[in-house]
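S.K.: just a sequence and a predicted model for now, questions to come.
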Amino acid sequence: EGGWPELKSSRPTWALSTLFSLRSSLENPEPRTRARGIQLLSQVLLHCHTLLLEKEVVHLILFYENRLKDHHLVIPSVLQGLKALSLCVALPSGLAVSVLKAIFQEVHVQSLPQVDRHTVYNIITNFMRTREEELKSLGADFTFGFIQVMDGEKDPRNLLVAFRIVHDLISRDYSLGPFVEELFEVTSCYFPIDFTPPPNDPHGIQREDLILSLRTVLASTPRFAEFLLPLLIEKVDSEVLSAKLDSLQTLNACCAVYGQKELKDFLPSLWASIRREVFQTASERVEAEGLAALHSLTACLSRSVLRADAEDLLDSFLSNILQDCRHHLCEPDMKLVWPSAKLLQAAAGASARACDYITSNVLPLLLEQFHKHSQSSQRRTILEMLLGFLKLQQKWSYEDKDQRPLNGFKDQLCSLVFMALTDPSTQLQLVGIRTLTVLGAQPDLLSSEDLELAVGHLYRLSFLEEDSQSCRVAALEASGTLAALYPVAFSSHLVPKLAEELRVGESNLTKGDEPTQCSRHLCCLQALSAVSTHPSIVKETLPLLLQHLWQVNRGNMVAQSSDVIAVCQSLKQMAEKCQQDPESCWYFHQTAIPCLLALAVQASMPEKEPSVLKKVLLEDEVLAAMVSVIGTATTHLSPELAAQSVTHIVPLFLDGNVSFLPENSFPSRFQPFQDDASGQRRLIALLMAFVCSLPRNVEIPQLNQLMRELLELSCCHSCPFSSTAAAKCFAGLLNKHPAGQQLDEFLQLAVDKVEAGLGSGPCRSQAFTLLLWVTKALVLRYHPLSSCLTARLMDLLNDPELGPAAADGFSLLMSDCTDVLTRAGHAEVRIMFRQRFFTDNVPALVQGFHAAPQDVKPNYLKGLSHVLNRLPKPVLLPELPTLLSLLLEALSCPDCVVQLSTLSCLQPLLLEAPQVMSLHVDNLVTKFLNLSSSPSMAVRIAALQCMHALTRLPTPVLLPYKPQVIRALAKPLDDKKRLVRKEAVSARGEW
């Protein structure tokens, strides 16, 4: 070993010196001794080939070429040496050719072991990478030599390399000479690939790897077409499913490089094979691949450049397809209608020419068939086919609008669609709505009269009864899509009708009419939001909805909270649609938010005789609905516009500045942070919705005062709704506040407030809520103080009064909120905060559980269950063995919330970690069966779902429990709740 440095440094003669020093071994009459000598030399060269000089390489090449004529036991070591030399940078010109000629002439490669054959392929690959021009000088001899090397190869490891070499031969323009067919034969003999990797294969070669590698070769050149296409047709017509799929996929790949010349003689046979597979196959995959192949064939024929005197094969090919499919479209029993339509659509989707040709021939036929058939089901089938062809038209643009094939059929198509929309069949109406949407998407196709009729139908469908809910939803969606394209038509014909409907609805609500009228009123609200997809329409519909809310506030309507919530839901949907357009977003924000705030402020004003109507606006559910509107209208504002808005809204709450509100002559001052303003305090939720949805870089005026006021209100016990809203608002602002001294001051104030409140007194619950929300705000942003606050929360698990609430608090810490601390609201939410929380706190929870008195152990189990239930399962699986015993204990906890959370956690684990769960199968079966009789319906359903999931465990583990489980699951089959019975049937069937 000490001689290696000297060998390396003794250039330039070290390699030849090594060769001569091995002379006695290399000239030994015993082949095995010679082989060992050459093996040692080859190993040296593999490690040191970069140090060789040109003259050394020449001598070594001559030596190794000569050794190729030696005994067969010597050949493997010789090939290793040649592999090392093929990597040399100092290889003189011409020696690569010399080496390959020697291998081709002297070595029968396929008689060698796999490793040595692989070495030959590596030598060829190395030379092709570095000596391409030299190898090309061999001409077709190189191709012929490689064919001899590869012929008969069976090992998949070698085949992957060999296929790569063939692909390089073709793609790098090596001369194939007269050996094109031989090269095709030596590769196509493996088609289709039939290889199943052995279990625990260390090489990791999959059947798909070989399939894709071979397909790349076969589809790499048009010169293989005359040999490959007959082979593909033969395999498609075979009975082997995998062969059919592979052949169709290969044909699809070939069409990317073939032209009309290669396909011409085989088109009839290819079409016949594809048609048969689509018409007769029982496999959806084969059908899909057949359609894809037809699409590719048509695209190939469409893009071929023709000489002036050449035959255009596309027209004749499409003519054959039409001839074979069109009569099926006219059959009374409609047996092969869908396969025929799919074939025609696959071809039509390949190019604009194909689409025009097929559409112009098929549309008249389908229009005629629609009128011939009277049954709604048959008409729906025909209309669905028409819809497919209309969708294909959207792929192509036409410079001359008169060239569009749809123009000649526009009136008939509109008439047909309007017939479908008035049909009693809901399913036919649904297809009609989709077809109308596609027709409307065609530029300048529909006339103003067509649009007026279409709007009328959509208006009618938007007010269908409950039993046609799907149709009504589809009509609303279509209205939104078409309103964005034709705002003038919808402003002229639909919005006035909806405004009138809304006025009638207000009148009916004033009279307190029957539920049917209320249902129409709700449909009208939904239609107004659905159609608000264009800025000009929003400017008409938004004032209508806001005016409707003013009617409630003035006491002109007998309004319930559900009516106001319905209006707010429509406003929220409108705000979501406005988010796509900055102009609409700002218009909605500066129009809707002042109006909502004004309504709420007006309703919060003290009165001598409190009005029931106005107090509706202050109910928890109504304020929550307003919160969602304000939050949605704020999240997408630009920082510049948000900064304008914040200068009005924050002073409104802190200083009572109502100057920017509409109708702002209120009977008294607005002071939501004052002790005696209990109604006004509730509006802090609206402030929360606004400031917690602002972009992070928007500066909030009077922030210090605002934070102190929020902190004070958050621990006020007289109104839990207000104190919770203040705590959430404080936490939301903390989360976004940049690190620094001011943040530290706010946090210290919060900690002091929490500790003071958690002592004995009436504010303990509010102080706990503040602790919970501040902890969540800091956990999301990885703030160092979060660990201290989480530890304080764990201490409260032992509290007799707050313990259960503290356990439920872990659910809040791990879950996503909808109103504050959301990514959409620009909160700082670090990736993988749940994983970090789990790593930092679950060990302490487990330790606390073991140390806790018996009466508070359920609190620890509940908290742990909430954390694990919301943790990504890949994170939980490695920890499962240590935590599973606690989860099983949690199932024995009498608390239904703990049971449900734990079952929800265990069910996916049964599917993803069957081996670990198998160790506890006895416990799992017993506990799940006990919980299937729980008083809680949700627990019974979850327990039965877990019993179902248990069947994924290894069968030998489950068999001893099978009779017991089947008997026990007979009881929930008679459960009084249908959903429980459904799960019981499913689980028992699997067992």
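M.R.: Received it, and whenever you're ready, just let me know what you need. Numbering: from 1, shown residues only.

S.K.: what residue is smack in the middle of the protein?
M.R.: Among the residues of the chain, the one closest to the centroid is Pro872, at 16.7 Å (CA atoms, centre = their mean).

S.K.: so it makes contact with Gln835?
M.R.: Yes - assessed by CB atoms under 8 Å, Pro872 is found in contact with Gln835 at 6.9 Å. In this view, the C-beta of every residue, glycine as well, is placed from N, C-alpha and C.

S.K.: who touches the residue nearest to the centre of the chain in this structure?
M.R.: Contact analysis of Pro872 by CB atoms under 8 Å, 6 or more residues apart in numbering lists 834-835.

S.K.: run the last query once more with 6 Å
M.R.: Under the criterion of CB atoms under 6 Å, 6 or more residues apart in numbering, Pro872 has no neighbours.

S.K.: domain-wise, how is this protein divided?
M.R.: The chain breaks down into these domains under the TED database: 579-701, 707-871, 892-990.

S.K.: how far off centre is the shortest one?
M.R.: If you compare the mean C-alpha spot of domain 892-990 with that of the full chain, they lie 30 Å apart, counting by CA atoms, centre = their mean, to the nearest Å.

S.K.: one more: the second one?
M.R.: The chain centroid and the centroid of domain 707-871 are separated by 32 Å, computed with CA atoms, centre = their mean.

S.K.: same check on stretch 476-494?
M.R.: Taking the mean of its C-alpha atoms, stretch 476-494 sits 30 Å from the chain's own mean (CA atoms, centre = their mean).

S.K.: re the thing from before, and the domains of the chain as TSV, adding distance to Val166?
M.R.: Converted to TSV, those look like this (distance: least, CB to CB, whole Å):
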stretch	distance to Val166
domain 579-701	51
domain 707-871	46
domain 892-990	42
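
S.K.: for the stretch 251-400 of the chain, what spans make up the helices?
M.R.: Remark: helices assigned in the stretch 251-400 of the chain by DSSP state H, counting those that start in this stretch are 260-263, 267-280, 284-303, 313-329, 337-348, 352-372, 376-393.

S.K.: looking at those helices, which is buried most?
M.R.: helix 337-348 (a mean of 23; mean count of other CB atoms under 10 Å).

S.K.: and for the residue nearest to Ser220 when sequence neighbours are not counted, the neighbour number?
M.R.: Closest residue to Ser220 apart from its sequence neighbours, by CB to CB, 6 or more residues apart in numbering: Ile170 at 4.6 Å. Residues lying near Ile170 (other CB atoms under 10 Å) number 18.

S.K.: same thing with Ala739?
M.R.: So Ala739, with other CB under 10 Å, has 10 neighbours.

S.K.: chain center to the top helix by length along the chain, what's the gap?
M.R.: Ranked by residue count under DSSP state H, the longest helix found in the chain is helix 582-604. Distance of helix 582-604 from the chain centroid (CA atoms, centre = their mean) equals 35 Å.

S.K.: what residues does that helix touch?
M.R.: Helix 582-604 is contacted from outside by 535, 538, 542, 546, 549, 553, 575, 578-579, 614, 617-618, 626, 630, 633, 636, 641, 660-663, 670, 679-680, 683, using CB under 6 Å, 6+ apart.

S.K.: swap in stretch 693-707?
M.R.: Contacts of stretch 693-707 with the rest of the structure, by CB under 6 Å, 6+ apart, involve 631, 634-635, 639, 642-643, 646, 650, 654, 736, 746, 825-826.

S.K.: which of those has the most neighbours?
M.R.: Of all these, the most densely surrounded is Thr634 (27 neighbours; neighbours counted as other CB under 10 Å).

S.K.: using the three-state scheme, assign that one.
M.R.: Under the three-state scheme (DSSP: H, G, I helix; E, B strand; the rest coil), Thr634 adopts helix.

S.K.: quick one, strands of the stretch 751-900 of the chain?
M.R.: Taking DSSP state E, counting those that start in this stretch as the test, none of the stretch 751-900 of the chain falls into strands.

S.K.: below-threshold pLDDT in the stretch 401-550 of the chain: ranges please.
M.R.: 401-404, 466-467, 506-518 (pLDDT under 70).

S.K.: all helices of it, in order?
M.R.: In the stretch 401-550 of the chain, the helices defined using DSSP H, counting those that start in this stretch lie at 410-421, 426-441, 448-461, 469-485, 487-493, 495-511, 515-530, 535-553.

S.K.: most tightly packed of those helices?
M.R.: helix 426-441 (a mean of 22).

S.K.: other SSEs contacting that one?
M.R.: helix 376-393, helix 410-421, helix 469-485 (3 or more CB pairs under 6 Å, 6 or more residues apart in numbering; DSSP states H and E).

S.K.: those helices: which one's closest to Ala253?
M.R.: Comparing those against Ala253 with CB to CB, the closest turns out to be helix 376-393 (23.3 Å).

S.K.: redo the helices and strands packed on helix 426-441 as TSV? Include distance to Ala292.
M.R.: Converted to TSV, the helices and strands packed on helix 426-441 look like this (distance: least, CB to CB, whole Å):
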stretch	distance to Ala292
helix 376-393	15
helix 410-421	28
helix 469-485	29
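
S.K.: so which of the ones you listed comes closest to Leu789?
M.R.: Among the helices and strands packed on helix 426-441, helix 469-485 sits nearest to Leu789 (CB to CB), with 45.0 Å.

S.K.: which parts of the stretch 551-700 of the chain are helices?
M.R.: With DSSP H, counting those that start in this stretch, the ranges of helices along the stretch 551-700 of the chain come out as 561-578, 582-604, 612-615, 620-635, 639-655, 678-681, 684-691.

S.K.: which residues touch Ser273?
M.R.: Ser273 is in contact with 233, 236-237, counting by CB under 6 Å, 6+ apart.

S.K.: by neighbours, which of those wins?
M.R.: Using other CB under 10 Å as the neighbour criterion, Val236 leads the contacts of Ser273 with 26 neighbours.

S.K.: state the distance from it to Asp246.
M.R.: As judged by CB to CB, to the nearest Å, Val236 and Asp246 stand 10 Å apart.

S.K.: summarise which helices and strands the helix or strand where Leu733 lies is packed against.
M.R.: Using DSSP states H and E, Leu733 maps to helix 720-736. Packed against helix 720-736, as judged by 3+ CB pairs under 6 Å, 6+ apart, are the following elements: helix 684-691, helix 703-714, helix 764-780.

S.K.: at 8 Å instead, please
M.R.: helix 684-691, helix 703-714, helix 741-758, helix 764-780 (3 or more CB pairs under 8 Å, 6 or more residues apart in numbering; DSSP states H and E).

S.K.: would you list these in TSV and tack on distance to Ala441 and mean pLDDT?
M.R.: Putting the helices and strands packed on helix 720-736 into TSV (distance: least, CB to CB, whole Å; pLDDT from 0 to 100) gives the following:
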stretch	distance to Ala441	mean pLDDT
helix 684-691	36	94
helix 703-714	49	92
helix 741-758	51	91
helix 764-780	42	93
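
S.K.: out of the domains of the chain, which comes closest to Thr216?
M.R.: domain 892-990 (35.6 Å).

S.K.: what is the end-to-end distance of the closest one?
M.R.: One end of domain 892-990 sits 25 Å from the other (CA to CA, to the nearest Å).

S.K.: quick one: mean pLDDT over that domain.
M.R.: Mean per-residue pLDDT for domain 892-990: 88.

S.K.: cool, and stretch 41-60?
M.R.: 84.

S.K.: what residues of that stretch count as buried?
M.R.: For stretch 41-60, a neighbour-count test (16 or more other CB atoms under 10 Å) marks 41-42, 44-45, 48-49, 51-52, 56-57, 60 as buried.

S.K.: and if you look at stretch 839-850?
M.R.: Using 16+ other CB under 10 Å as the test for burial, stretch 839-850 gives 841-842, 845, 848-849.
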